[in-house]
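Q: From the sequence below, what's the structure:
(6 chains)
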6 protein chains.
Amino acid sequence: MKMIIQIFFIISLISTISFASVQDFCVADPKGPQSPSGYSCKNPDQVTENDFAFTGLGTAGNTSNIIKAAVTPAFAPAYAGINGLGVSLARLDLAGGGVIPLHTHPGASEVLVVIQGTICAGFISSANKVYLKTLNRGDSMVFPQGLLHFQLNSGKGPALAFVAFGSSSPGLQILPFALFANDLPSELVEATTFLSDAEVKKLKGVLGGTN
Amino acid sequence: MKMIIQIFFIISLISTISFASVQDFCVADPKGPQSPSGYSCKNPDQVTENDFAFTGLGTAGNTSNIIKAAVTPAFAPAYAGINGLGVSLARLDLAGGGVIPLHTHPGASEVLVVIQGTICAGFISSANKVYLKTLNRGDSMVFPQGLLHFQLNSGKGPALAFVAFGSSSPGLQILPFALFANDLPSELVEATTFLSDAEVKKLKGVLGGTN
Amino acid sequence: MKMIIQIFFIISLISTISFASVQDFCVADPKGPQSPSGYSCKNPDQVTENDFAFTGLGTAGNTSNIIKAAVTPAFAPAYAGINGLGVSLARLDLAGGGVIPLHTHPGASEVLVVIQGTICAGFISSANKVYLKTLNRGDSMVFPQGLLHFQLNSGKGPALAFVAFGSSSPGLQILPFALFANDLPSELVEATTFLSDAEVKKLKGVLGGTN
Amino acid sequence: MKMIIQIFFIISLISTISFASVQDFCVADPKGPQSPSGYSCKNPDQVTENDFAFTGLGTAGNTSNIIKAAVTPAFAPAYAGINGLGVSLARLDLAGGGVIPLHTHPGASEVLVVIQGTICAGFISSANKVYLKTLNRGDSMVFPQGLLHFQLNSGKGPALAFVAFGSSSPGLQILPFALFANDLPSELVEATTFLSDAEVKKLKGVLGGTN
Amino acid sequence: MKMIIQIFFIISLISTISFASVQDFCVADPKGPQSPSGYSCKNPDQVTENDFAFTGLGTAGNTSNIIKAAVTPAFAPAYAGINGLGVSLARLDLAGGGVIPLHTHPGASEVLVVIQGTICAGFISSANKVYLKTLNRGDSMVFPQGLLHFQLNSGKGPALAFVAFGSSSPGLQILPFALFANDLPSELVEATTFLSDAEVKKLKGVLGGTN
Amino acid sequence: MKMIIQIFFIISLISTISFASVQDFCVADPKGPQSPSGYSCKNPDQVTENDFAFTGLGTAGNTSNIIKAAVTPAFAPAYAGINGLGVSLARLDLAGGGVIPLHTHPGASEVLVVIQGTICAGFISSANKVYLKTLNRGDSMVFPQGLLHFQLNSGKGPALAFVAFGSSSPGLQILPFALFANDLPSELVEATTFLSDAEVKKLKGVLGGTN
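A: As a prediction, this is how the structure comes out:
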């Protein structure tokens, strides 16, 4: 009897001195409004361990495509629990000859670790200087926020890497798609890149761009 | 006499209850070490009103160049007092036909206001969607952080704009220079952009790139 | 036929490897709830180029008022696309003898550039030191976050300047209005500023304050 | 008559040149959605002075419990006006022999000031170094973000302290409750702490844990 | 013997898997350069428990002055360990009739708790709305970042309060000293505040200002 | 000849319109002073591609120790280029029966991906709720900032995982070492954890603690 009362008091105590826990995390509620800081938070009573786990990174992405590569992101809202926590992950699969074309992440720096194969990676600074490395299994490289960078399979077999970002929503702008896979008029692409009309129109054809 | 004593007490009071003022600002000392947060701070006793002023924006930049345009930044350390304050400015001059090629600012969003002339400006989102506007005198456009954007003189005479950034060091990566004005090997440029060898070598020739 | 299939695969690829783009920007939805980080985000499918543009800065503000000056802000929600991007703009018009009275921006530093005329500007630091400059066309001055500052037309004709802030919602507290244009009881104004009762009541009369 | 018109113009002026004030603060609306940056904002028209005040810190917490201590937080949403402002408070009451067990605040550093009595306080760094102080009335100690720390009444009478946090939602994880007051299986507690089965089961009994 | 070896291995293990601890905290080294993020860090090997403690808040400040009040800050570098931790404290002493004049903290919100006496406190928003409260022992009020606010002893005896800030260097700009205790020319004070020449000169006389 | 001149002009142009690039990154100079924002920056002229690469993650850590596990961090200054970029990595090796004991990262959230084997991982919230998952190859789990969490090899063979942090200096506080591997007096450990004297002394013996 004494024990039961004691436990009752302890539970009261714990609930008294535990601060509202909701701000430990803000599991994404994709049906609520978004804000500049991310998705709305799910009611914490409905949060489960599954919100903090993500199973999509175990399977190789489909590399049967023009770049022989695939990027599998682990971001909110699919990875609901990562919302607002300032970190995220993605998986890179590069078949033989595969390449992640030049791209930027507007909102975060990226750090990569090679799990399998050999990757040639590099980035270009604001001063137009090139930083280039050949990375083998276990090697890591960091790409500072917002700078153009790429990863290319320079080995013989397939390559696998994981990349992490210092933001829950790093964004991804892939250069050739940004240039050639939309309706930005060819003359504007040409004027703002110095590329020739023929080259722009050829690549718009390949990548599905119009105008 | 009483007045003198009173002033003495007041000055004591003021010095007593004024908190250390150095963190109002951190005027750049270019000779000290830099940190991720910016330049070291100059001794506040040596700071003058001139540290908070910048006179370089009154003169048109030299547009006698390949892009018929000039960017005049107002950043630290030249603009010493702006260090660490989370904002900066630049002046854009666009002669007839001038263009600021596709570029990104890795560390800040940008907002532009047209002072003279007509500018066609646009940016491309992570979803490869194009947002394009023709801007006249007094019109403003905002370019979200890290996304590719451009400004092009689409009027008859010269154009002038000011742009502001939400960072003291926004960075600037100009796409054609990043691609073609350094020693990034042509085969890597080609593999990571889908551009042809001929096009890459031609533009490397024009912009001074090697390899 | 082959081309069509290829484009189909490319579009699939692009949609596969493009990360959710909504966090490139968070265009203000003024009907949704606000958060400490800003306005709710508009559905990105309904965002257009007009959300990123603002036309209100091309026209001089009405300076037929007691301060012979006008401030025209370019902030959310009127400038919907700027929400959450950490930068904003405003236009200052100062007729002859015009003045932007002493004021602060609680949430951001400000940088000013003079477009026309001559402006005497200054700020006061936490150490009560005054930093004062006379600025001509093209001159810039920076006002560190939260410190009292002012701009005054010290030339002969009208003056025009643009100011930028390192926040999408810098706030604006104008000292004489904060003191004399509300219901803060006169005795509290007097006790907390050392101003005389006569002065406070006179200015409350001029600026519409009560109590 | 002239005065009335003048006041009318002034009020127009003020409303014209006052920027939207809502972002001065974001008073918590507990019925709206939460975001990673905090609670939704109440309509500013419905905000009153009471939203910025909190009266719960004037009364001693109930220390008739196992730790002879009480923590009274002043956080949102109870303290609605503090939402999003990056600071918060709590009151610590320690009866004779009272202790705030080892705990962390995941989201903020803490600074304490002793109002009454004598408190032995300490924290442990990532390098496992212990920083320990005996604090008397008026003494302060700072506990860096996220590190284990404790406060213990080492005097004769009751002790009272106020603590402040550099976040509106610092969180609070109390070590013995985290270990022994939930359903984390005993074998996992043992494997991850090196504690013995007997000790874990005894403390689960005391603190109400299961499994 | 076996025990000694085991301890040796454990110590190795601990040193192996402990991450460099210096970034738990950055105790201010006042002799090193400052950066926008604060003071340089002292060598962690020379950091002691005394760096994290501060004893200056136990004694009432000297209120024999024009405002019958005193502010005792607990900031870096005097409180070395608080550097960079995003929080700080100060003590307010208000003798009978004492007042902390209208002031702002440019870099942080403030939360106050009354320890003794009765304080009338208030702040003014960007919309010129006044939020005013009478606070008794144990009552708290929050003042949003950068807004003008004041504290005034409205009780009979002396009053004591502690205030906390969400920054290690909140700054403090006291309005009447900013206006009248420096060399800002009287005509500029008058033009930017609407105060009369007589009033400005009288208060410059009282507070030690010149020009 | 014309070409040479043209290239000369282009190089001038590029150097003119490239903003100072140093703030793209701040490669750690371990000999310079540290600040709250991280290590001082190396002179950018001396930065090479090797500063952005790290090779220490390719080799399994030594798991011949009491926890049958090893953590290999990839942080500054060893990984110089990652300084200030808001992201970092570590490798976890867990031999059969290996465990990373309960620990916190005071300054960052963590996301884990399993490369090999089976890991039982979990964290405890501020509300003392347990979130527990068994993770297989390719599975990911996120641990919100500052909360106690653990990883335990629950499979048959060795396990390997990579973890990423949303900070360049996340810190690491391992609970049993924090409690038992230093000179925190036993009576304080007991009073602040509810552990028995016998248990505390036994574990101090095992882990090398004194007092």
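Q: List the contacts of residue A:186.
A: The contact partners of residue A:186, by C-beta atoms under 8 Å, 6 or more residues apart in numbering or on different chains, come to A:197, A:200-201, A:204, A:211. Where C-beta positions appear, they are placed from N, C-alpha and C, glycine not excepted.
Q: and with 10 Å instead?
A: A:180, A:195, A:197-201, A:203-204, A:209-211 (C-beta atoms under 10 Å, 6 or more residues apart in numbering or on different chains).
Q: Break chain A into its domains for me.
A: According to automatic domain parsing, chain A comprises the domains A:65-171, A:181-211.
Q: Strands of chain A, residue ranges please.
A: A:34-35, A:38-39, A:53-54, A:69-74, A:88-94, A:99-104, A:110-116, A:119-124, A:130-135, A:140-143, A:149-153, A:159-165, A:173-174 (DSSP state E).
Q: Now render those as CSV, adding mean pLDDT.
A: Shown next, in CSV, are the strands of chain A (pLDDT from 0 to 100):
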stretch, mean pLDDT
strand A:34-35, 95
strand A:38-39, 94
strand A:53-54, 98
strand A:69-74, 95
strand A:88-94, 97
strand A:99-104, 97
strand A:110-116, 98
strand A:119-124, 98
strand A:130-135, 98
strand A:140-143, 98
strand A:149-153, 98
strand A:159-165, 98
strand A:173-174, 96
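Q: Turn these into TSV, columns for mean neighbour count and distance to residue E:104.
A: Below are these laid out as TSV (neighbours: other C-beta atoms under 10 Å in any protein chain shown; distance: least, C-beta to C-beta, whole Å):
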stretch	mean neighbour count	distance to residue E:104
strand A:34-35	29	27
strand A:38-39	28	31
strand A:53-54	24	45
strand A:69-74	22	43
strand A:88-94	26	38
strand A:99-104	24	39
strand A:110-116	23	40
strand A:119-124	24	42
strand A:130-135	20	45
strand A:140-143	29	40
strand A:149-153	25	43
strand A:159-165	26	37
strand A:173-174	26	40
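Q: need those in JSON lines with distance to residue C:126, can you?
A: Shown next, in JSON lines, are those (distance: least, C-beta to C-beta, whole Å):
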{"stretch": "strand A:34-35", "distance to residue C:126": "32"}
{"stretch": "strand A:38-39", "distance to residue C:126": "34"}
{"stretch": "strand A:53-54", "distance to residue C:126": "48"}
{"stretch": "strand A:69-74", "distance to residue C:126": "45"}
{"stretch": "strand A:88-94", "distance to residue C:126": "39"}
{"stretch": "strand A:99-104", "distance to residue C:126": "39"}
{"stretch": "strand A:110-116", "distance to residue C:126": "39"}
{"stretch": "strand A:119-124", "distance to residue C:126": "41"}
{"stretch": "strand A:130-135", "distance to residue C:126": "42"}
{"stretch": "strand A:140-143", "distance to residue C:126": "38"}
{"stretch": "strand A:149-153", "distance to residue C:126": "42"}
{"stretch": "strand A:159-165", "distance to residue C:126": "38"}
{"stretch": "strand A:173-174", "distance to residue C:126": "42"}
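Q: now the ones you listed as CSV including distance to chain D?
A: What follows is the strands of chain A, written out as CSV (distance: least, C-beta to the nearest C-beta, whole Å):
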stretch, distance to chain D
strand A:34-35, 4
strand A:38-39, 5
strand A:53-54, 17
strand A:69-74, 17
strand A:88-94, 13
strand A:99-104, 23
strand A:110-116, 21
strand A:119-124, 29
strand A:130-135, 29
strand A:140-143, 22
strand A:149-153, 27
strand A:159-165, 16
strand A:173-174, 23
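Q: on that earlier part again, would you tell me which of the domains of chain A gets closest to residue E:45?
A: domain A:65-171 (28.4 Å; C-beta to C-beta).
Q: Next one: residue A:192 from residue B:192, what distance?
A: The spacing between residue A:192 and residue B:192, counted by C-beta to C-beta, to the nearest Å, is 19 Å.
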